[in-house]
Structure formats: structure tokens, C-alpha cells
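1. When you get a sec, could you give me coordinates for this:
(one chain, ligands or ions: 2)
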Amino acid sequence: MTSVPQLLLNNGRTIPQLGFGVFQIEPAATKAAVLAALEVGYRHIDTAQMYGNEREVGAAIAESGIAREEIFVTSKLNNNAHASDAARAATARSVEALGGPMDLYLVHWPMPRFDDYVDTWRLMEEFAAAGATRSIGVSNFQIPHLERILAETSTVPAVNQIEVHPYLRQDRLRAFDTEHQILTQAWSPISQGQVLDDPVLLALAAETGRTVAQVVLRWHIQRGDIVFPKSVDPVRMAENFDIFDFQLTDHQMSLIDGLNKDRRRGPDPDEFHWIPD
Ligand SMILES: NC(=O)C1=CN([C@@H]2O[C@H](COP(=O)(O)OP(=O)(O)OC[C@H]3O[C@@H](n4cnc5c(N)ncnc54)[C@H](OP(=O)(O)O)[C@@H]3O)[C@@H](O)[C@H]2O)C=CC1
Ligand SMILES: O=C(O)C(=O)[C@@H](O)[C@H](O)C(=O)CO
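-> Residues are numbered from 1 along each chain as shown. Ligands and ions are numbered 1, 2, ... in the order given. You can find the predicted model right below:
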């Protein structure tokens, strides 16, 4: 079976560099998708309270017959649960739905206009201390948000999960993460399919004998980021997993680097303040 590299988190734990994302997988389809991903070999699942499918992720893991400690599970605190009572209740629900403590728990969005993410981070420290999660991190945090966490609290986030793909390299934020021993997780790694018909990537796919998705995922891996592409198609799941038996050359990496347009597919974290019901 393909061997996925394990990266070292700043608290001494490890995380598989490749995982499986379940955003936009309907709850009714999630158990089958996660079981198929586990069958392919994925051992890292990225979900969130916002996705509404944690319970089905937990059910798939329980049904898989794979020991829980062999699977790395991430979830994220929802935007409607930054305040203490709501955060405690949401965290208890996640632990119950997932069938036990999380491996990694993230603040999903900073929502800077509400100016509460530092207090929310202190709650995350409490959840880790109480055993609800083995590691804590953030998602969609910009440099000023991280600077406040570093200055005002005592735990450095283990990861920062941000939008990254060839059209949005995010090198300044990634360098800040690295400087502070925070691993970068690249969400929407193939920009939800937007990059798949790019002429430069199509040429690189032909040159390497791989698909565009494989070339792009390999680019992320060689940059050192963690990725978890989403697919409901077991053939694509296997394709996205099969990226550890080839290497892009420095020249091929630089051609992909050259595609950057600083163009987001998803929301701008400084502007996103959506509170779900
Ligand atoms: N923290 C955050 O704010 C966010 C986190 N995320 C996380 O990142 C994960 C991945 O990002 P996501 O937004 O889902 O986007 P991805 O970049 O993973 O792209 C998913 C899309 O690409 C298609 N696809 C997947 N593999 C292939 C392939 N090999 N060839 C062609 N098409 C393919 C899928 O279709 P199909 O399913 O039909 O195969 C789907 O439409 C999420 O599932 C979630 O876990 C995502 C967004 C925000
Ligand atoms: O997928 C996630 O983790 C998200 O936060 C997104 O759903 C995000 O909220 C979005 O794309 C809203 O349009």
C-alpha cells in the first residue's frame, strides 16, 4: 500500500500529509464515501460541524474495522459557537458524533469583526486539556489574527488550514506559519476542479504521464503542505491517493508556481462572518 508521509506537529504528534475532505458530501452519502476512502488507504479525514456529516464520519470509522488510533480525524468549531457555552456544547456534540476524542480541532473562521477569536482560542486550549482533542489549530487565520494568538495566549496552533492551490499560492502566510512551527493545510487543493483545464497543468500532466489532479496534489506535497482532496468517486479517490511514486522537477514546480493569480475560490477570511442557524 502507498505510504503517506507523516508530518510532525508542534506538540510532538504526527499527522498524515494526505487526507480525505468531506465538505459538500451529503450526510446520506458520507458513510459510503468515507468507507470507500478508507478502503483506498486514506487514514486522515477532514470534517467540520458546519458540514453536518460528523456523525456519518464517525459511523464509517466504527464500521470500517480499522483501529481508531490508525485514523486521524479533524473537525472544526462552527461560526455559531465561538462563545463559551455554545463552544462547550458543540465540542461535546462533535466528540459524541465522532465516537470519541478528535485528533485535531480547529477554529473554523476567525470572523474578525466580532473580535472574539482570541477568547475562543482559550476555549480550544481548555478542550485540549480536557481530552476532547489531541491537538488544536486554526483555519482561515490571516497573519494579524495569528499574531494576536501568539502574543496573547500560551498555545501555538498546530496547523493553519487555509485556501491554497496553484491560483492562490499564499506564500507570505505559509512562510509566517513555517516561521512559527505551524503546519499549513491547503483547502480546496485543486480549487474545486477549477485548475483542471489549465493549459500549463495539462502540458505537465502529459509530460509526467499523470492526471492534472495528481500533478497539482504532488505540487502541494512537495511544498510541504497537508492536503485532503474531496471526491465522492472511488476512482478519483484512488487517483488522488496515488501521488507518492513520482516527483516533480524544480522546473516543473516553478512552472506551477508561475500560475499564481492571488485568486480565491472561497470566501475572504477578513470578510467572512456567516453565522449558520
Ligand atoms: N477550512 C475551510 O474553510 C475549508 C476546508 N475545506 C476542506 O478541504 C477539502 C477539499 O476542498 P474542496 O473544497 O472539497 O475542493 P477540492 O479542491 O478537493 O475539489 C473537490 C472537487 O473536485 C472534484 N474532484 C476531486 N478529485 C478529482 C479528480 N481527481 N479529477 C477531477 N475532479 C476531481 C470533486 O468532484 P467529485 O466529488 O464528483 O469527484 C469536487 O467537485 C474539503 O472537503 C474540506 O475538508 C474546504 C473548503 C473550506
Ligand atoms: O468548507 C468549509 O470548511 C467552509 O468553511 C466553506 O463551506 C465556506 O463556508 C464556504 O465556502 C461558504 O461559501
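2. For ligand 1, give me its nearest residue in this protein.
-> At 2.4 Å from ligand 1, residue 21 is the closest residue in the chain, using Cβ to the nearest ligand atom. Using the backbone N, CA and C atoms, a C-beta is placed for each residue, glycine as well.
3. What's the separation between that residue and residue 197?
-> With distances taken as Cβ to Cβ, to the nearest Å, residue 21 is found 21 Å from residue 197.
4. okay, the two: which has more neighbours?
-> Neighbours were counted for residue 21 and for residue 197 using other Cβ atoms under 10 Å; residue 21 has more, 23 against 9.
5. still on that earlier bit, state the distance from the residue of the chain closest to ligand 1 to residue 42.
-> Using Cβ to Cβ, one gets 10 Å for the distance from residue 21 to residue 42.
6. Ok, residue 132 next?
-> From residue 132 to residue 42 the distance is 23 Å (Cβ to Cβ).
7. do residue 140 as well
-> As judged by Cβ to Cβ, residue 140 and residue 42 stand 23 Å apart.
8. same thing with residue 223?
-> 20 Å.
9. Could you give the separation of stretch 39-56 from the chain centroid?
-> 11 Å (Cα atoms, centre = their mean, to the nearest Å).
10. and that stretch, which residues are buried?
-> 40-56 (16 or more other Cβ atoms under 10 Å).
11. overlap between those and the residues near ligand 2?
-> 48, 50 (Cβ under 6 Å from any ligand atom).
12. Does residue 103 belong to a helix, a strand or coil?
-> Following DSSP: H, G, I helix; E, B strand; the rest coil, residue 103 is assigned to strand.
13. ok, it - contacts?
-> Residue 103 makes contacts with 13, 15, 72, 73, 74, 133, 134, 135, as judged by Cβ atoms under 8 Å, 6 or more residues apart in numbering.
14. Can you flag the buried ones in these?
-> The buried subset of the contacts of residue 103 (16+ other Cβ under 10 Å) comprises 15, 72, 73, 74, 133, 134, 135.
15. The closest residue to residue 9 other than its chain neighbours: neighbour count?
-> Leaving out its chain neighbours, the residue that sits closest to residue 9 by Cβ to Cβ, 6 or more residues apart in numbering is residue 158, at 4.4 Å. Using other Cβ under 10 Å, residue 158 has 25 other residues around it.
16. For the buried ones among the contacts of residue 103, give me JSON lines that also has distance to residue 245 and secondary structure.
-> Listed next are the buried ones among the contacts of residue 103 as JSON lines, based on distance: Cβ to Cβ, whole Å; DSSP: H, G, I helix; E, B strand; the rest coil:
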{"residue": "15", "distance to residue 245": "21", "secondary structure": "strand"}
{"residue": "72", "distance to residue 245": "22", "secondary structure": "strand"}
{"residue": "73", "distance to residue 245": "27", "secondary structure": "strand"}
{"residue": "74", "distance to residue 245": "26", "secondary structure": "strand"}
{"residue": "133", "distance to residue 245": "33", "secondary structure": "strand"}
{"residue": "134", "distance to residue 245": "30", "secondary structure": "strand"}
{"residue": "135", "distance to residue 245": "29", "secondary structure": "strand"}
